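Participant: Fold the following, please.
(chains A and B)
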Amino acid sequence: GAGVSQSPSNKVTEKGKDVELRCDPISGHTALYWYRQRLGQGLEFLIYFQGNSAPDKSGLPSDRFSAERTGESVSTLTIQRTQQEDSAVYLCASSSPAGGRYEQFFGPGTRLTVL
Amino acid sequence: DAKTTQPTSMDCAEGRAANLPCNHSTISGNEYVYWYRQIHSQGPQYIIHGLKNNETNEMASLIITEDRKSSTLILPHATLRDTAVYYCIVTSGTYKYIFGTGTRLKVLA
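Facilitator: Next up, the predicted model:
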């Protein structure tokens, strides 16, 4: 079946511009996660959705970052007034706790470059 | 969720077993050990997980010590395609994974 998809795969923007990153989770997965991975680093948790509510936004690095989710479907991560330090790969994952399994299925990521 | 400690890097000869250790001395009773790997420029991929018993699947084996304070991921016959960063994660399954820097495994021809 289809996995997690993300778009765009690459995004180059100028400092100060807003960007929107999209994630399409696996159909039926109730949970959705966003992570950020800077070059050569591990993944940093940003936000978690259960359905369309976000019980944990603790990882969002500043108020320039926000995310929405429509039902149990697509999610959008928005970064306003981008800064060079926002350059990273943004990864989305989804999961379904069916059967007590919590493995997360990751998309290929969006590589964001802020000039 | 408990923290994990992994070696920064390891080499393994092709065809040999790769044994990747992970320390999680503060693990609590309801926390699972998950292993993921990330091949260059791709999203992380689930490998295996366990609670206290050893586990095996088509990709790997997971050995968890009796006190659960450490574990070892075993790739029985490493191939060049197993070159990746391997992450050990301890989680109660709620939702949040705390990724460390992982172990960079290089499989040598």
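
Participant: Test my guess that residue A:110 contacts residue A:5.
Facilitator: No - with contact defined as CB atoms under 8 Å, residue A:110 does not count as touching residue A:5 (10.6 Å). (Each C-beta comes from the backbone N, C-alpha and C, glycine too.)

Participant: who's more crowded, the two?
Facilitator: Between residue A:110 and residue A:5, counted using other CB atoms under 10 Å in any protein chain shown, the more crowded position is residue A:110 (22 against 15).

Participant: For the residue in chain B that chain A sits nearest to, grab phi and psi.
Facilitator: In chain B, the residue that lies nearest chain A is residue B:43 (3.1 Å; CB to the nearest CB). Dihedral pair for residue B:43: phi -70, psi 160, per degrees, to the nearest 10.

Participant: again, but for residue A:85
Facilitator: Dihedral pair for residue A:85: phi -70, psi -10, per degrees, to the nearest 10.

Participant: now swap in the one 4 residues further on and tell me
Facilitator: Comment: the main-chain dihedrals of residue A:89 come out as phi -100, psi 130, following degrees, to the nearest 10.

Participant: Residue A:43 versus that one, what's the distance?
Facilitator: According to CB to CB, to the nearest Å, residue A:89 stands 9 Å off from residue A:43.

Participant: anything in contact with each of those two?
Facilitator: Common contacts of residue A:89 and residue A:43, defined by CB atoms under 8 Å, 6 or more residues apart in numbering or on different chains, comprise A:36, A:37.
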